[in-house]
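Peer 1: Pasted the sequence and its predicted model underneath.
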Amino acid sequence: MFTSRRSFVALAAATAASTLPRTTAASTWDRILAQAILINTLGGLENPNEPSPSNPGDATAAVNARAIADARASGITAINMTIGYVFGKGDPLKQSLDAISQWDELIRAHSADLTKILAAADIRRAKWQGKIGLIYGFQNAAMMGDDAALVDRFADLGMRVIQLTYNGPNEIGGGSMAPGNPALSAFGRSVIERLNTRRVIVDLAHSGQRTCIDATHASRQPVAISHTGCRALADLPRNKTDAELRLVAERGGYVGIYFMPFLAVNRNATSADVVAHIEHAVEVCGEDHVGVGTDGSFTTVDDLETYKAALAKENAERRAAGISAPGEGPDIYPFVVDLRGPNQYRELAVKLSARGHSDSRIEKLLGRNFLRYAREVWGS
């Protein structure tokens, strides 16, 4: 269980926990994970049981007391949150600026529970203080328009992760569903240069293969793929090839495995699929470059039967908007049914332990790898 306030002694114990003997006992993992730093490199803080907001521009409408309590119960230390514009109509710049203001206001209103992350040290401080650290990230850099200098404005507002593309193309390059597998554009190279200068993480999740490889080579700093799967196990566009994964790792980067339907083909993904993709990523990238970016929150859907109707509607809307990807479907859940809710990290740890992974490796996968990577890009 998560304890609301910890001393520096407990924080130091997170490092010592790697010396504990491996065990599959759930009670032991309760103890280890209470000490460890856990990071979701792409996640949320919403309650999926809340109705859609009457104002679609209200970025924090689905965040309520239950969502925050569930995240605290999970033991999570920090979450890379999707802020601002992702796809659809409206002004990407305005939507993104408005969303940053809304999240800043939410953090101020829940300062006993939430804190904004600007540097790696803030993640360690969040653990010590017993708060949930929120890392601001974009899942589409379309709000840059044709002005790379906007990177400076967003960095000053606290953006720490910027994903270059969503599924489609933009001025920077191609997403995973962009026709023709576009290369990184000249403008994209200038955006990456500004991101490097401002020490903002270059996120290549959702990118197409050419844009991913080009951007990894173009970046002076290690890049991240915050949430993905392995195409060698499920041949779907949203997953990364071994060549992409290996290149990112060889250049010092980070890869987060998601809890998404793309882990399997033509069926709902399971916890066994999550473990298999993590293990494949570790084999390709090495155990120091892999983590977890679930692409979900810590609150369960209470009524799956009712949810199916909403899922079908959402899937139809995504297909109509042209941003749906193979692997999505009206009867395919956008989460792993047997690995959700506040216990999802604990359950994953137990499953990895049962597969023979050491305590030290599991702690790396659940947070320490991203913390090391963030320290290199952001500074201490």
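Peer 2: Okay, I see it.

Peer 1: got any ranges where this protein has weak pLDDT?
Peer 2: Confidence mapping of the chain against pLDDT under 70 gives the ranges 1-25, 52-57.

Peer 1: Mind listing the strands the longest strand anywhere in it pairs with, and their directions?
Peer 2: Identified as the longest strand of the chain according to DSSP state E is strand 132-138. Here strand 132-138 is paired, per DSSP bridges, with strand 78-82 (parallel), strand 114-116 (parallel), strand 159-163 (parallel).

Peer 1: So which elements touch the helix or strand just after that strand?
Peer 2: Downstream of strand 132-138, the first helix or strand assigned by DSSP states H and E is helix 150-156. If you count contacts as 3 or more Cβ pairs under 8 Å, 6 or more residues apart in numbering; DSSP states H and E, helix 150-156 packs onto helix 92-109, helix 186-197. To be clear about C-beta, it is placed using only N, CA and C from the backbone, and glycine gets the same treatment.

Peer 1: Which residue ranges of the stretch 151-300 of the chain form helices?
Peer 2: Secondary structure of the stretch 151-300 of the chain (DSSP state H, counting those that start in this stretch): helices at 186-197, 209-218, 242-250, 271-285.

Peer 1: what angle do the first one and helix 209-218 make?
Peer 2: Between the direction of helix 186-197 and that of helix 209-218, the angle (axes from the mean of the first three to the mean of the last three Cα atoms, to 10 degrees) works out to 40 degrees.

Peer 1: List the buried residues of helix 186-197.
Peer 2: Neighbour counts over helix 186-197 (16 or more other Cβ atoms under 10 Å) mark 187-192, 194-196 as buried.

Peer 1: related to what we said a few turns ago, which among the strands paired with strand 132-138 is found nearest to S297?
Peer 2: The minimum distance between S297 and these falls on strand 78-82, with 8.7 Å, by Cβ to Cβ.

Peer 1: And the closest one, how far out from the chain middle?
Peer 2: 6 Å (Cα atoms, centre = their mean, to the nearest Å).

Peer 1: The most centrally placed residue in the chain: what secondary structure?
Peer 2: Nearest to the mean C-alpha position of the chain, by Cα atoms, centre = their mean, lies L42 at 1.2 Å. Under the three-state scheme (DSSP: H, G, I helix; E, B strand; the rest coil), L42 adopts strand.

Peer 1: quick one, what contacts A264?
Peer 2: Going by Cβ atoms under 8 Å, 6 or more residues apart in numbering, A264 touches 234, 270, 273.

Peer 1: Brilliant, that's me finished.
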